[in-house]
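In: got a sequence here, can you model it:
(one chain, ligands or ions: 2)
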Amino acid sequence: MRSPKDFFAPLAVGAPQPPRQIPVRPSRMIHFFDPGNEKMAAKVPDLAKKTDVLLGNLEDAVRADRKEAARAGLVSIAKATDFGRTQLWTRVNSLDSPWVLDDLITLVTEIGDKLDVIMVPKVEGAQDIHYVDRLLAQLEARAGLTKPLLVHAILETASGVANVEEIAGASPRMQGISLGPADLAASRRMKTTRVGGGHPGYLVRTDPIGEDLTEGRTTYQQDLWHYTVARMVDACAMNGILPYYGPFGDIRDVVACEDQFRNAFLLGCVGAWSLHPVQIDIAKKVFSPSPADVAWARRVIAEMGDGTGAVMIDGKMQDDASVKQCRVVVELADELAATDPELAAAYDAATKEIQS
Ligand SMILES: CC(C)(COP(=O)(O)OP(=O)(O)OC[C@H]1O[C@@H](n2cnc3c(N)ncnc32)[C@H](O)[C@@H]1OP(=O)(O)O)[C@@H](O)C(=O)NCCC(=O)NCCSC(=O)C[C@](C)(O)C(=O)O
Ligand SMILES: [Mg+2]
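Out: Numbering: from 1, shown residues only. Ligands and ions are numbered 1, 2, ... in the order given. Got it, this is the predicted structure:
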């Protein structure tokens with residue numbers, strides 16, 4: 001581990017100063033596209049107008065014989081596109097693959113000034129982040145970059161979950177962590193065959209009513225990802241970085257996708273991945289606090305004055321801790337409203353209504 005005094009020092013001569021704070025920018029959906037797929041690439045300029053983050057994916061879901069095409073595609077898309085306020089991220093190939101070194105060298109030197117975040121898959125421990133950290137510093141220096149690239153880890157190995165706290169704090173570049181449920185399930189030898197979401201077999205059942213063990217016993221499906229998401233959220237929060245739910249593979253099931261995203265939102269995640277255009281609006285809706293919640297939170301903050309003591313509002317006790325929760329909701333709402341006039345208007349209308 002680096003000495004605390006050296007933690008924020010650049011890891012290569014000429015590399016930019018690593019960040020002390022992760023910039024707060026909307027990232028409700030990280031929209032994946034394959035930059036080597038012409039149809040998807042053609043949609044990027046339009047998608048840039050409606051997504052918080054666009055991610056050019058080079059890893060899984062890109063065929064082995066299309067890796068170079070995806071990398072080259074991302075370079076030309078990044079150079080040709082005006083992304084406006086939308087962030088451009090990439091997911092490079094895994095550190096044990098034959099492609100990752102060229103991914104990093106090419107992307108940082110060619111389009112390092114356009115990229116915000118590099119997502120690193122299958123991170124096992126802090127050592128993987130340290131490797132990428134030093135390499136990025138060397139490449140940033142070579143490219144003459146003035147803004148440091150940030151790093152995002154995917155939590156998709158049993159070892160990664162066991163080491164999630166040290167991964168989250170491994171470098172000042174760490175921007176966030178996403179759940180990778182498919183690889184994680186395989187790594188853990190779980191017996192599921194899905195990409196995220198629930199499973200009808202993972203359930204609890206009410207007690208039997210009499211001798212009959214089959215009649216009248218309701219079952220409740222449980223969330224396979226609760227433990228991992230909660231642990232990831234804590235690891236991120238304690239290190240000042242951002243947690244994300246990952247992919248929901250059943251594109252057709254927009255209802256369960258919304259549920260899974262909302263569970264993650266309520267537990268503390270700031271966004272999720274969208275794999276198909278249909279999932280963009282789901283993430284936007286779920287990861288923006290509802291106008292009613294924002295109005296309520298603003299009211300609690302106003303009535304709590306200096307934020308100490310206890311008051312009763314509509315039969316509910318509010319105190320120092322509940323006002324802190326309300327501030328979390330209002331801060332997020334204000335950040336999102338600053339770039340989304342429609343959302344700002346909805347929040348103000350709900351606030352006026354609750355006041356009248
Ligand atoms: C699911 C697929 C195959 C369905 O693709 P499709 O073409 O069959 O779907 P469609 O409904 O027919 O598509 C309609 C139109 O939308 C386009 N389109 C479709 N998707 C996109 C997109 N994402 N971005 C931009 N455009 C898109 C598509 O090209 C088509 O264009 P057209 O109208 O001109 O013909 C396709 O959506 C896709 O490939 N999505 C991305 C998949 C991906 O990135 N997977 C990797 C992330 S998940 C993962 O890695 C796991 C993890 C974390 O590692 C771990 O848990 O371990
Ligand atoms: Mg994966």
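
In: break this protein down into its domains, please.
Out: Domain segmentation of the chain under automatic domain parsing yields 4-286, 291-355.

In: deepest-packed of these, please.
Out: Mean neighbour count (mean count of other CB atoms under 10 Å) peaks for domain 4-286 among the domains of the chain, with a mean of 18. Glycine gets a C-beta too; all of them are placed from N, C-alpha and C.

In: next, format the domains of the chain as a markdown table and append mean pLDDT.
Out: Shown next, in a markdown table, are the domains of the chain (pLDDT from 0 to 100):
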| stretch | mean pLDDT |
| --- | --- |
| domain 4-286 | 97 |
| domain 291-355 | 96 |
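
In: these: which one's closest to ligand 2?
Out: Closest to ligand 2 of those is domain 4-286 (CB to the ion; 3.5 Å).

In: any bit of that closest one sitting next to ligand 1?
Out: Yes - on the criterion CB under 6 Å from any ligand atom, domain 4-286 is in touch with ligand 1 at 32-33, 39-40, 43, 57, 60-61, 154, 156, 180-183, 195, 246-247, 251, 275-277.

In: check which helix or strand the residue lying farthest from the centre of the chain maps to.
Out: Computed with CA atoms, centre = their mean, the residue of the chain farthest from its C-alpha average is Glu211, at 48.3 Å. Assignment of secondary structure by DSSP states H and E places Glu211 within no helix or strand.

In: one more: Ser178?
Out: strand 174-179.

In: helix or strand next in line after that strand, which one?
Out: helix 181-188.

In: from ligand 1, how far off is the residue farthest from the centre of the chain?
Out: Per CB to the nearest ligand atom, to the nearest Å, Glu211 is found 44 Å from ligand 1.

In: those strands in the protein, which residues are they?
Out: Taking DSSP state E as the criterion, the chain carries its strands at 29-33, 53-57, 87-91, 117-120, 150-155, 174-179, 203-205, 219-221, 242-244, 272-274, 311-313, 316-318.

In: contacts only, for Val233.
Out: Taking CB atoms under 8 Å, 6 or more residues apart in numbering, we find Val233 in contact with Pro243, Leu267, Gly268, Cys269.

In: nearest residue to it other than its sequence neighbours?
Out: Spatially, and ignoring its direct neighbours in sequence, Val233 is nearest to Gly268 (3.9 Å; CB to CB, 6 or more residues apart in numbering).

In: same deal with Arg327?
Out: Excluding the flanking residues, the one nearest Arg327 by CB to CB, 6+ apart is Ile301, at 6.5 Å.

In: that neighbour against Cys326, yeah?
Out: Yes - between Ile301 and Cys326 there is a contact under CB atoms under 8 Å: 5.3 Å.

In: how far away is the closest residue to Tyr244 other than its chain neighbours from His276?
Out: Once flanking residues are discounted, Tyr244 sits nearest to Ser178: 4.2 Å by CB to CB, 6+ apart. For Ser178, the distance to His276 (CB to CB, to the nearest Å) stands at 17 Å.

In: re the thing from before, in terms of secondary structure, what does the strand holding Ser178 contact?
Out: Under the contact criterion of 3 or more CB pairs under 8 Å, 6 or more residues apart in numbering; DSSP states H and E, strand 174-179 touches strand 117-120, strand 150-155, helix 164-168, helix 226-238, strand 242-244.
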